[in-house]
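K.L.:
Sequence below, structure please.
(2 chains)
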Amino acid sequence: MGVVRMVLRGSVLFVVGVFFALVLNLLQIQREVTVFPPEVLASLFSSAWWVPPSCGMAAATIGLLYPCLDEKLGEPHSYKREWSSVMRCVAVFVGINHASAKIDFANNMQLSVTLAAMSIGLWWLFDRSRSGFGLGVVIAVLATFVTQLLVYNGVYRYTKADFLFVRSWIPCIFFSGGVTMGNIGRQLAMYDDTNKEKTE
Amino acid sequence: MRSLRELVSQIYYTHGLFCASHPYGIILGVMCVVAFTCYPLTKVPLPGNAPLEYVTPTNDYRPQYWLTPPLPDDEGPKIPRWYQGPSVGYVQQIVIKSVVSPWTTKHLVPIDAFRGPLSKAFKVLDALNNFKHQALGQDYSLSDFCLRVPEMTYHKNLQSLMPQYSCLLLSPSNLWHNDITRFKEDPEILKTVFKKYSQTMEAPPTIKDILFGLPWKNTGVTRYFIRNRQRTISFALTVILKSYNQNFIDAMKTRLELLYPETIKNVNNSQINHITHIHFKEINVFVEYTPLIVTYLVLLLYLYFSVRKIEMVKSKWGLAFSAVITVVASLLMSVSICTVFGLTPSLNGGEIFPYLVVIIGLENVLVLTKSVVSTPVHLEVKVRIAQGLSKEGWSITKNLLTELLIVLVGFFTFVPAIQEFCLFAVVGLLTDFFLQMVFFATVLSVDIRRMELSDLHKQKIYGTDQTTPDSIKPLVRCPIYNYPDPATPGSMPRSKSEPRLGLDSEASLPSPPPSPGSPAEEVFFPGPILRLPRRLRLIYFWANTRMFQRIIMVCTVIWIALIVYKTGLVEHLARMAEEDSNGDIRYTTMLPQDVYGHQNGGEFTGTFKHPQEESNTVEPLEHNDLELWRRLSYNHWPMLFKYYNISLSGRYLSILPSLHLSIPVSQQEAIKLHHATEDEKYYSVDEGEDAQDMLASHRHVEGATDNPLSNRDHTEPYRYDPDSLDYWLPRSHKELFITILLALLSVVCITYFMVILYRCVCPRRYDKWRVSWARPRRGHKMSKYYKKIKESVPLVLKGHIQEVECLVSDGQMIISSCLGGQLRVWDSITGECITAIQRKSISVPMERNPCLGRNIEDSEAELYAEYHGDKKDDLSSSELTDDRPRTRQRNTTKGRSPKKKAFTKEPDLTGTIDTDFNFTQSLKNNPSQSVSASSLGTEVHHSYDFQKKFQSFYDEHMLVLKDSMTESHKNLKSERTTSREIDFGGDRVGRCSEGDACTTSNEEGFLDNGTPSVWCLACQDNLIIAGCGSGRIEVWDGCTGTLKCLYESSGSGVTHLCFVGNRVIAARLSGELDFLELETFQSPAAQVSPGVRHNRGYHQLSPSSSPGLVNHGMKVWNEEIHCTVIQSRHAHQLPINVLKAEGGRVVSASQDHSLKVFRLEDCLCLYTLHGHTASVTALCLDKYTPYAAASGSADGTIRVWDLLTGTCVHKIVADSDTILKIVCTNNYIISCGMADRLCVWERNRGSLVHSFDLEPCGASCIALLNNNLMVTGGQGCIYLWDLRLGRILRTVNLGRNDKLAQIHHVQVLADAIAVCDYASEIKVVYFPTVIEKAD
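P.N.:
Numbers count the residues shown, from 1 in each chain, chains lettered A, B, ... in the order given. Below is the predicted model of the structure:
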């Protein structure tokens, strides 16, 4: 029974992850929209088919990992455990992406500092747990590393040549994404737990 | 920090009270405020698509072609990303101002004011079309540069009006197909202008707007006009150029200026020398909107999940709706406020909106709802709202400040977009806070009130003082609303002779001059003074009104001054605004005499000018605003190009500085243009001027003299012209604001004044009004009375040999039990011992009496017969009827009723007491066997023969008794019911008064089978119930000291007893609860003999010879009491610590961490109250309807429960140690724990008011004298506390200093008497209150 629930949760998270990957990709592309309108759509779907599924996988992993870690550490997360709060978190996450995509920053330093501040603000607003922060940082580091590897190997390519720009941009997004996914995962887990209690 | 917190919650409390008091007014006001603040929004382009502007100077302008996109790191002025490639078109506007001058009403008709100027459009158009510019030997005409447009694809019905396959050149003349003859022949030119060409519903940039090329109100063309006067008409010729040629445009400008020389006087056309490029954002539906849709989706989910949490309200949807309204309105307000203060929303509103909502959030709203809903239901709505607000006030404020701080951090990113967002968010947060506090709280109060009305099962509230607790008095009393005092519902008639107490003193008590006799005198407010706040409030109200009257006066004066000053002030401000907006534009000042009207011959005269002229100031042809196109609808250009299916989105349009022309039209010219029908309509020019004069004078219309420009120098009488109303119309928005502001102010003032008047006049409030009038005058000298508390010397009740263990009282009697098991009944007033019950020797009374063994079902008649038969018959014969009923009774109750007759016929046997109890040993072998103690003992017993021993006494006694018997028999016949008391009472009194120590003699007839210690006592109406450690429950008659009934079921000790009505509830150590019912066969009637009066403190004893009564008004349980078990429940698993009963509810607190609430009638367990995490050690119940319970636990928490719903209202973390005792007043909860710390908590909010350290071990002896006074026991003394002030008023020493005993029990009688134990003694301390006059 527990396994079924776990799989169910994982699939929900996977779907959410895929969805976010598509939407956020779109947001990132938008920077160049005014210049090349028609190519965007083509590039969105053609560039790398495997990106959204891998994002979904990552989301599922993170979403399952967070409640698991809470359980292991014995620190049940109790700050703002409500769906409305989760929705708020998701909205802020999308907002961070939106901001990074839409706003013209004077330089990359500004962009990265702003994004970092926003990410930490997100964590503070909706998580506030040490485990959440730690896991977020780990995810950010890992994901950046993986992305860099991919880039070096030429599997994936940044649209912009500006290297530093991309580097500063990636960890923040991953960090906030990790926190958001963790929030969703925890909420789902809690929902499962209460259901379990009810049935028992 | 704490005080700050309290202050904040106090503010919220006040605010909540205010909101809930005037809900509708506030909602209306908030709506007005929202509408007012949102007004500027009407001028802001709708979400998001605000065109972007970029300005380049004309001089070094080079048309942009496809260039490489500028690098973001470029130095120099930042060029927007969209400024690439060629412009769609260059817009050249030629703004024409034209006026018929001079104007004479004699020759001109009103329509001439439009006809003449409009005809100029044709002229200028001609000039433009024919204009040739020679450059480099080539002739260029306009058609070489202009944008050629194809066929119209949109709005085909406009094809005749718009140019096709030619230059895009627009002018009002297009309406007449650029044909001057057509124009001349048009009888109704204005009808043509205002004709609708397309759909019935048209969006703002209609065809006429596009053709006129100016904001419509600047054109001066009005549809309806009455006055015959000069009008300035403006319009623009709009040419869209394909390519930009500076020389050509300059040449065109000089040419036109030459043509119309008036222009030079009125405008400097080269003033503006920059080209404005307007970028229209591209909307790519898919890419642009997908993330947006996602965010909106998330937003919707967020709203849904948030709103779902609103519960326990009348209309869930209504509240949810208002919550959403709150957020949306606050956003609108924030945008509006930002625009007013000059921030142009460059961000895409639609994009940032969801994030703003998320940042602002609905949390506060939900928290508010939850907190208000969780307040006790029985409270008044206002108080609930106020409490709910004050409970959450601190956290709301904290959250708000935190969020503001976070958002403010955003300013330091120095990214303009983020800064703008943050600014919006800050303003949004503030406005949202405002709306939540004012709007939502009020809506909530309305909702809760509705719920309350609909709640039919709502219990009526009575009696208790539900006023706002003293500690959270509202900071400001609302003057309009008279707070009804719930403590005294309705107006209580009060006798005038009654001295009014402590009028001039409020919470801070005046310290009276210490009188020489008693240096420690102090003042307090017991009992009746509690009502005082109402009076005080009346006075405060009065005081407030006077203050507010003054405020009103000041306001009115200011208001009148403003009215007087209005014209000037508003004019001035409006002019300031104008100057601000026009900046450095050449500006001629207004002549002051133009503005004000003159009094002329009693008639209201003046030169009222059209607002158009007004804003144009003196010169009708002067161009003030050289960039009028900026005021065009933002959709103007896209709409124009849309006609030709040219999309501007993603591209930009360059607007060249417009050319301004001023063209006066001469009178003759205007007349020439007259249409034939117009002449007929108004007058015939040929017929001469006489008729026209008549016509003019008839209409009382006086125009200007020949020279319109000089007509301001001498004003003409002028009446009832519709245009004169224009003067009163606001001329600018600023003026409108100011006027509205003033109007609002006046409305508030007037309303308030009306309310005050109403309160004066309204008959229903007349009494109060009068009282409040009368008070200050009359009360001046009366107010010097105040109550003082005195103390009396403690009354000492001596008698117990061992330490007093239990102490109860029922007002008149004090019942005490000592460790030795002796029960004593004392008179609380005299301190006499009425009865001493030596339980030591008690056992089951074994007497037999026919009348005692009645069946319950026996009718009254049978009883009577039995009773009298008993009297008459020989006792030996009556003995036969004895056994049968008795056995049944024994089975059910296991109790034995003492035989009263035996005692009545008893002689004094005190002398025969044998302290050697060895003889009883034999009886223990067969305790169930009945033993007769009949005084007339005719029966011989097997086990023990009392007769042998006491025969001589009885014989002696019988002789004495015989006489009284005969007497009593006579009495019996007359008054059957009382006969026995008389008989018996006389006997007892005799004995009691004879014997020095009131030891009774009823040990006789009992079996001494071990005396269980008394663990608890309860008494009511002279009936004492003692719960024993052995599990036995004994019922004693307090007056006679006889055992009435005995109940013994289990061996578990009785820890607590409650005696309510005829029910006894016993809590046992095993956690069981026994519900017993006492049945009597004769009502315990109060017997009052005519000779004895109820004199308090004056105890009159009847002489022994007369058959009088000992007890005044005490109920004598002369008849049998019968004890039946209704129900026995195993309520708790662990011992029950406390048991209390009040108002039909029995509450038990147990060591198993829970409390249980039972209903008294059917012994049903209603609720189990969970929440404590340790043994529940203290319990206190309210005496009045809301029936709340306060319980204290070993974990140091106090919980307040609502017994109607069984929910926990408050949780107070009081102590780290076990709470030993809790008492409650209406406003306070007093708790005392192991640490001997006495804490006074404010009841409704759970905040700590006072705390004191008590003497060690003084915890359990706390008793309340009344709502404000408390008595605690200490080492050898008791203390009297004032709860409100939190200090000791009195210390009463009970013993000598060398030997002080700890006081363990304090009981309060009749609000002023404290009874406490003092080792083996009992002390009664009376605290009399005396009304004294202050010097």
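
K.L.:
secondary structure element for residue B:122?
P.N.:
Assignment of secondary structure by DSSP states H and E places residue B:122 within helix B:112-130.

K.L.:
Which SSE is immediately downstream of that helix?
P.N.:
Taking DSSP H and E as the definition, the helix or strand that follows helix B:112-130 towards the C-terminus is strand B:132-135.

K.L.:
Can I get that following strand in CSV? Just the C-alpha atoms.
P.N.:
Once non-C-alpha atoms are left out, strand B:132-135 reads as follows in CSV (Å, rounded to 0.1, in the frame of the first residue of the first chain):
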residue,chain,number,x,y,z
LYS,B,132,5.7,72.3,-53.1
HIS,B,133,9.1,72.3,-51.7
GLN,B,134,12.1,73.0,-53.9
ALA,B,135,15.2,71.3,-53.1
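
K.L.:
buried ones in the helix or strand following that strand?
P.N.:
Secondary structure here is assigned by DSSP H and E; on that basis, the next helix or strand after strand B:132-135 toward the C-terminus is strand B:138-141. For strand B:138-141, the neighbour count (16 or more other Cβ atoms under 10 Å in any protein chain shown) marks residue B:140 as buried. Where C-beta positions appear, they are placed from N, C-alpha and C, glycine not excepted.

K.L.:
Give me the packing partners of strand B:138-141, helices and strands only.
P.N.:
Taking 3 or more Cβ pairs under 8 Å, 6 or more residues apart in numbering or on different chains; DSSP states H and E as the contact definition, the neighbouring helices and strands of strand B:138-141 are strand B:132-135.

K.L.:
Same question for the strand it packs on: list its buried residues.
P.N.:
Of the residues in strand B:132-135, residue B:133 count as buried by neighbour count, 16+ other Cβ under 10 Å.

K.L.:
All the helices of chain A, in order from the start?
P.N.:
Under the criterion DSSP state H, helices of chain A are mapped to A:2-29, A:37-46, A:51-73, A:83-102, A:108-126, A:130-152, A:163-199.

K.L.:
Could you single out the most deeply buried of these?
P.N.:
Of all the helices of chain A, helix A:83-102 has the most neighbours on average by mean count of other Cβ atoms under 10 Å in any protein chain shown, namely a mean of 23.

K.L.:
On the pLDDT front, check residue B:651 for me.
P.N.:
Taken from the predicted model, the pLDDT recorded for residue B:651 is 78.

K.L.:
Find the nearest non-adjacent residue to it, please.
P.N.:
Nearest non-adjacent residue to residue B:651, counting by Cβ to Cβ, 6 or more residues apart in numbering or on different chains: residue B:88, 5.0 Å away.

K.L.:
Give me the neighbour count for the one you found.
P.N.:
Using other Cβ atoms under 10 Å in any protein chain shown as the criterion, residue B:88 is surrounded by 20 other residues.

K.L.:
Check residue B:1023 too.
P.N.:
A count of nearby residues for residue B:1023, using other Cβ under 10 Å, gives 26.

K.L.:
Dihedrals phi and psi, it?
P.N.:
When read as degrees, to the nearest 10, the backbone of residue B:1023 gives phi -110, psi 130.

K.L.:
Quick check: it vs chain A, distance?
P.N.:
From residue B:1023 over to chain A the distance is 52 Å, taken as Cβ to the nearest Cβ, to the nearest Å.

K.L.:
my guess is that residue meets residue B:1034, correct?
P.N.:
No - using Cβ atoms under 8 Å, residue B:1023 and residue B:1034 do not qualify as a contacting pair, with a distance of 10.8 Å.

K.L.:
Low-confidence stretches in the stretch 1-150 of chain B?
P.N.:
Using pLDDT under 70 as the threshold, the predicted model of the stretch 1-150 of chain B has low-confidence ranges B:1, B:41-51, B:59-60, B:62-79, B:81.
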